[in-house]
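A.B. asks: model this:
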Amino acid sequence: MKKFITYLIIIIMLIASISFAIAKNNNNQKPPNTIENKEDKIIKEMENLDYYKKENKNRYISYYNSNKDLSIEDIVTRINIGLDNKYYTQTKITPYHNKDYILVNKYIQMKDNYIPENLENLDTSYSRSGMKLVKNAKIALEKMIQEAKEEGYTIRVMSSYRSYNYQVNLYNRYKEEDGEEKADTYSARPGFSEHQTGLCIDIDDNKLNYTDFENSKSFNWMQENAHKYGYILRYPEDKTEITGYTYESWHYRYVGEKIATYIKKHNITFDEYYVRFIEDKEK
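C.D. replies: Next up, the predicted model:
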């Protein structure tokens, strides 16, 4: 009986030792929520987005690790725009020439010889001489200007369509004056200018210089109403890190009423809208 009790005690002690060793080993193991598992979870969230691109997986993760304050949607959007690359690198030619939803920025360009179809002259009653726009943009512009006038506001076009060669001369002048780095913050390189699309305008109120447009009553009217006519403020003050350009209160782009209204409602840029809803979906 005494031997039995001794054996029993030994067995109990062995079991206790084994249990302690197992518990200690489990405590020394990595928790289930490792970096790898976190990344897998993030990628799964990204895969639920319609604009997720499998080939960009590593870029998404790298950008996320440096920008954890951004949402999953913003991470994917910014990588799809190309913002993890230096400006004017990894560029491509737009497949949407002669479309109202064509996007040109510092990663997407037009063909050098591109001239928009349906360019029409603007009337000098509301524009400087020699200005042109694509027909759809002109029709919407004239309606917007007329209705603004009826409410007591003035909108005058200072610049509109510019050819590739015009942009060559303009950009080179800015580069000579301010250097390439600074010029790139406010002027597009040839082939990358929205003005070549024939869908954008620079405006004033016929009183203040166009660069002071934000200080005019007409600017406030445009902020409230431009989207109703298919126009957007293309380079907003709080979106410079996305657009790549300094704030331009005078620069408006025609994208159509549906797109302009969505952009206004959700406070996003056309670059963001494009990679979420247009790119690779309208070909």
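A.B. asks: my guess is residue 190 meets residue 163, correct?
C.D. replies: No - counting by CB atoms under 8 Å, residue 190 stays clear of residue 163, with 9.6 Å between them. No exception for glycine: its C-beta is placed from N, CA and C like everyone else's.
A.B. asks: of the two, who's got more company?
C.D. replies: residue 190 (20 against 17; other CB atoms under 10 Å).
A.B. asks: Spell out, range by range, the strands that occur in this structure.
C.D. replies: Here the chain has its strands, by DSSP state E, at 92-93, 108-109, 119-121, 132-134, 156-159, 200-204, 231-235, 248-254.
A.B. asks: Okay, now the sheet partners of the fourth one, with direction.
C.D. replies: By that I understand strand 132-134. strand 119-121 (antiparallel) (DSSP bridges).
A.B. asks: The partner strand: how far from the chain's middle?
C.D. replies: Its chain's average C-alpha position is 28 Å from that of strand 119-121, according to CA atoms, centre = their mean, to the nearest Å.
A.B. asks: what does stretch 245-254 give?
C.D. replies: Distance, centroid of stretch 245-254 to centroid of chain: 14 Å (CA atoms, centre = their mean).
A.B. asks: what comes up buried for it?
C.D. replies: Buried residues in stretch 245-254, counted by 16 or more other CB atoms under 10 Å: 245, 247-254.
A.B. asks: quick one: the helices in the stretch 51-200 of the chain?
C.D. replies: Using DSSP state H, counting those that start in this stretch, the helices found in the stretch 51-200 of the chain span residues 57-66, 72-81, 135-150, 164-178, 180-186.
A.B. asks: which one of the ones you listed lies closest to residue 227?
C.D. replies: helix 135-150 (10.2 Å; CB to CB).
A.B. asks: Give the buried residues for that closest one.
C.D. replies: Those would be 136-138, 140-142, 144-145, 148, for helix 135-150 by 16+ other CB under 10 Å.
A.B. asks: List just the nearest of these to residue 241.
C.D. replies: residue 137 (27.3 Å).
A.B. asks: residue contacts, the residue nearest to the closest one when sequence neighbours are not counted?
C.D. replies: Nearest residue to residue 137 in three dimensions, chain neighbours excluded: residue 254, at 3.8 Å (CB to CB, 6 or more residues apart in numbering). Shown in contact with residue 254 (CB atoms under 8 Å, 6 or more residues apart in numbering): 100, 133-134, 136-137, 140-141, 199-201, 230-231.
A.B. asks: Residue 135 now?
C.D. replies: Contacts of residue 135 (CB under 8 Å, 6+ apart): 118-120.
A.B. asks: if we go to 7 Å?
C.D. replies: For residue 135, the contacting residues are 118, 120, by CB atoms under 7 Å, 6 or more residues apart in numbering.
A.B. asks: for residue 52, same thing?
C.D. replies: If you count contacts by CB under 7 Å, 6+ apart, then residue 52 has 46, 76 around it.
A.B. asks: of the contacts of residue 254, closest to residue 89?
C.D. replies: Nearest member of these to residue 89, counting by CB to CB, is residue 200, at 24.1 Å.
A.B. asks: Return the most buried member of the helices of the stretch 51-200 of the chain.
C.D. replies: Highest mean neighbour count of the helices of the stretch 51-200 of the chain: helix 72-81, a mean of 21 (counted as mean count of other CB atoms under 10 Å).
A.B. asks: So which elements touch that helix?
C.D. replies: helix 35-47, helix 57-66 (3 or more CB pairs under 7 Å, 6 or more residues apart in numbering; DSSP states H and E).
A.B. asks: and the angle for the last one with helix 72-81?
C.D. replies: Just to be clear, that refers to helix 57-66. Put simply, helix 57-66 runs at 130 degrees to helix 72-81, going by axes from the mean of the first three to the mean of the last three CA atoms, to 10 degrees.
A.B. asks: tilt between helix 57-66 and helix 35-47?
C.D. replies: 110 degrees.
A.B. asks: who does helix 57-66 touch, helix- and strand-wise?
C.D. replies: By 3+ CB pairs under 7 Å, 6+ apart, helix 57-66 packs against helix 35-47, helix 72-81.
A.B. asks: Please apply the same query to the first one.
C.D. replies: Helix 35-47 makes packing contacts with helix 57-66, helix 72-81 when contacts are defined by 3+ CB pairs under 7 Å, 6+ apart.
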